[in-house]
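**Student:** what would the 3D arrangement of this be:
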Amino acid sequence: MFKREKRRHLCVTVTVTIGAGQTLSLPFVDSNLPTERISLFSRKETILTPVSGVYLENKTAASLPPGILTVYDEDDGYVGDAQMTGLPLGESRMVSFATDKKVEITTESKPEESVSQIKIVDGTVHAVRISRLNTTYMVKGAADADRIVIIEHPRMAGWEVTSEALQGSTPTHHRLRAKVGAG
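**Tutor:** From the prediction side, this is the model:
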C-alpha cells in the first residue's frame, strides 16, 4: 500500500500488487522547488553541445535524499530524468537531464605573451612576463526560447580568470553565466 498526499491536504490511498521479479518506482517526495531551466556547457574535447538542466534550491522543510529527479515543463510536460545527489535544506544544485541540441556553442582561444617590465639589478636581468589565454565562447540560442547558459570553464593552477559573466567557481571550474535570447 502507498499513501500520497495531494494539494489541499487530500489523502489518496492506492493498493499496488507486484509480482515476483518485478520493480516498482514511486515518488516519496512530491514538492515544488524554486528552479531555473539552464543549458550547461562543460568544455570537454569531445562534447561541444550543452546539456539541459535545472538549477534548483531546496526551500522545503527538510534535506532531500539522493535519487532520481523527474523534470516536467509547463509547456512540454515530461522533459527528462536526472540523478540528484543529496540536497541539504537551504542549498542549491545544478542537475542535468538531456542534451540541449537547440543551443550551439563554439569556442576560440588565443594565447598572448608580453613582457611588461625589464630591469637590470647587479648585472642580472629581471623580466616580468605576462601570459594570457583569451577564450571566447560564441553561443547561438535556441530558436524557440530564451536560455540561461552556464559555461564551466576549466580552472588552471596559477591562472586568474576575469570575466563580466563570472558567476562563481567550483574546485575544478569557473562558472560563467549568460542570458541568451531566442535565435
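**Student:** where in the chain is pLDDT low?
**Tutor:** Within the chain, the stretches with pLDDT under 70 are 1-12, 26-29, 44-47.
**Student:** strands of that one, start to end?
**Tutor:** Secondary structure of the chain by DSSP state E: the strands cover 2-5, 11-14, 35-42, 51-57, 67-73, 77-84, 92-99, 104-121, 124-140, 147-154, 166-169, 173-180.
**Student:** next, the angle strand 67-73 makes with the third one.
**Tutor:** Interaxial angle of strand 35-42 relative to strand 67-73 (axes from the mean of the first three to the mean of the last three Cα atoms, to 10 degrees): 110 degrees.
**Student:** let me see the contact set for the spatially closest residue to Tyr72 that is not a sequence neighbour.
**Tutor:** The shortest distance from Tyr72 to any non-neighbouring residue, by Cβ to Cβ, 6 or more residues apart in numbering, is to Tyr78 (5.7 Å). The way it works is simple: take the backbone N, C-alpha and C, and place the C-beta from them, glycine included. Going by Cβ atoms under 8 Å, 6 or more residues apart in numbering, Tyr78 touches Thr70, Val71, Tyr72.
**Student:** how about Lys102?
**Tutor:** Here Lys102 is in contact with Ala142, Ala143, Asp144 (Cβ under 8 Å, 6+ apart).
**Student:** now, among those residues, which is nearest to Arg155?
**Tutor:** Nearest to Arg155 among these is Ala142, at 28.4 Å by Cβ to Cβ.
**Student:** the closest one contacts Ala182, correct?
**Tutor:** Yes - at 6.3 Å, Ala142 counts as touching Ala182 under the criterion of Cβ atoms under 8 Å.
**Student:** who's more crowded, the two?
**Tutor:** Ala142 (17 against 11; other Cβ atoms under 10 Å).
**Student:** so who does the more buried one touch?
**Tutor:** Per Cβ under 8 Å, 6+ apart, neighbours of Ala142: Asp100, Lys102, Val103, Ala182, Gly183.
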